[in-house]
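Colleague: next come a sequence and a model predicted from it.
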Amino acid sequence: MLKAYTLRIQQPHIRTDSGGMLMFRLARLGVLVAPGLLALVPLVAEAQLSDWPLTPAEERALKPRDEFRECPSCPRIVVVPAGTFAMGSPDSEEGRDSDEGPQQKVTVPQPFAVGKFEITFDEWDACAAGGGCNGYRPSDLGWGRGRQPVFIVSWDDAKAYVAWLSATTGRTYRLLSEAEWEYVARGGSTTPFSFGASISTREANYDGTVPYANAKPGELRQRTLPVGSFKANAFGLHDVHGNVWEWVEDCWHRRHSDMPDDVRKTAAPWVSGDCTTRVFRGGSWADGAAGLRSANRGRYEPYIRNTNSGFRVARTLSR
Ligand SMILES: [Ca+2]
Ligand SMILES: [Ca+2]
C-alpha cells in the first residue's frame, strides 16, 4: 500500500517513533513514496531532524521516545511517558539532605515533551540574535559556544528564553516543574542516580575527585562539556546528572511534605508561598558526585547568574 508523505525539500521534517521507524512527509512536492523506500532516508534524518512546528495531528500522534524540533535553531525535544513515581530520597540514601524528603507519590498524568539536552550556547544565541533573551549574550569563559551548555544565565533569563521559544514556534515551551524534572531524571529508576546506585565520570561531567560513597575517584575536568557527551538515561535525556545545574519553575520549599494536591496529582510547579528563591537540579561540572543525585536540590535568587547553572525546556503537548 502506498502512503503519502510530504517532503519539505530544504529542511525535511522527520520524526522517529518509538520503534525507530522514520516518518517522512513529502508535501510540497506532492510525491507518493512507498514505505520501503524510506530505508534510504535515515542518514539524512539523523543530520536534519525537524524544523516546523508540529501540526495538531502530528502532536496527537506522538508517542514516548518520539523526537522533534520545531525550528532550525530550536532545541531537540523527546516525548516522555505518563507515570507515577516517588519524589525525593529515602532516609537511607547516602549524601542526602533533609530537604529531599519525606518521599511523596507524584503522578505525571499524561505524556509531555522535554529537551533531550541542556540548552546550548547555539540555541541561546539564536534567541538573543532573534530579538529575545533581552539580547543578552553570556560569556563562555573561553570554553567555546556551539554545543556547550549555556550558563551564566539566571532563572529570569531562562524564563525569557522559553517566552521567546514559545513566541517563535507558536507552541507552549516552558521550564519543567521540579516534580517533572525529578521524574524525567529518574527515568523510572529509584536509585540515587538514573544509571544506578552510583555514577562515574564516564557517565557524567562532575568533580571526579569527590566520588559517591565508595566509588573510585574519576576525572576532574573543571569545565563544561558539549551536551550529549555521555549516554542518555532511560527516557532518552542526556546530562540530567552534572554538566550544568538546571533551573526549574518552582519556588523553594524546604521539604516535600506540604506539597499541594496539584503538584501531587499533576506534577504541576509548586509556586505558592515564598518565591524569593527558585530551584535548580542535577548538579554540575563543579560539584561532587553526591550533588548529582536525582533527589538533590539547589536554589538561588532568580536573578543570580553563575558559571554552573543552565536549564532545559519542557514542551506541553495538547491531547
Ligand atoms: Ca545537567
Ligand atoms: Ca542538597
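Modeller: Arrived safely, thanks for sending. Numbers count the residues shown, from 1 in each chain. Ligands and ions are numbered 1, 2, ... in the order given.
Colleague: and the residue lying closest to residue 196 once chain neighbours are set aside, what is it in contact with?
Modeller: Among residues not flanking residue 196 along the chain, residue 189 sits closest, at 7.4 Å (Cβ to Cβ, 6 or more residues apart in numbering). From N, CA and C alone the C-beta is placed, and that goes for glycine too. Taking Cβ atoms under 8 Å, 6 or more residues apart in numbering, we find residue 189 in contact with 195-196, 233-234, 294.
Colleague: now with 10 Å, please.
Modeller: Counting by Cβ atoms under 10 Å, 6 or more residues apart in numbering, residue 189 makes contact with 85, 195-197, 233-235, 294.
Colleague: that one looks like it's in a helix, true?
Modeller: No: using DSSP: H, G, I helix; E, B strand; the rest coil, the assignment for residue 189 is coil, not a helix.
Colleague: pLDDT value on it, please?
Modeller: On pLDDT, residue 189 comes in at 98.
Colleague: among the contacts of residue 189, which ones are buried?
Modeller: Neighbour-count burial (16 or more other Cβ atoms under 10 Å) applied to those gives 85, 195, 233, 235, 294.
Colleague: the fourth one contacts residue 79, doesn't it?
Modeller: Yes: with contact taken as Cβ atoms under 10 Å, residue 235 and residue 79 are classed as touching, separated by 9.2 Å.
Colleague: so who does the closest residue to residue 234 other than its chain neighbours touch?
Modeller: Leaving aside its sequence neighbours, residue 234 sits nearest to residue 187 (Cβ to Cβ, 6+ apart; 3.5 Å). Residue 187 sits next to 80-81, 83, 85, 194-195, 232-237, 240, 294 when contact means Cβ under 10 Å, 6+ apart.
Colleague: name the single longest helix found in the protein.
Modeller: helix 155-169 (DSSP state H).
Colleague: going by contacts, tell me the helices and strands next to that one.
Modeller: helix 121-129, strand 173-175, strand 245-251, strand 278-281, strand 309-311, strand 313-315 (3 or more Cβ pairs under 10 Å, 6 or more residues apart in numbering; DSSP states H and E).
Colleague: what does the stretch 51-200 of the chain put close to ligand 2?
Modeller: residue 97 (Cβ under 5 Å from the ion).
Colleague: find the closest residue to ligand 2 in the stretch 51-200 of the chain.
Modeller: As assessed by Cβ to the ion, ligand 2 sits closest to residue 97 within the stretch 51-200 of the chain, at 4.0 Å.
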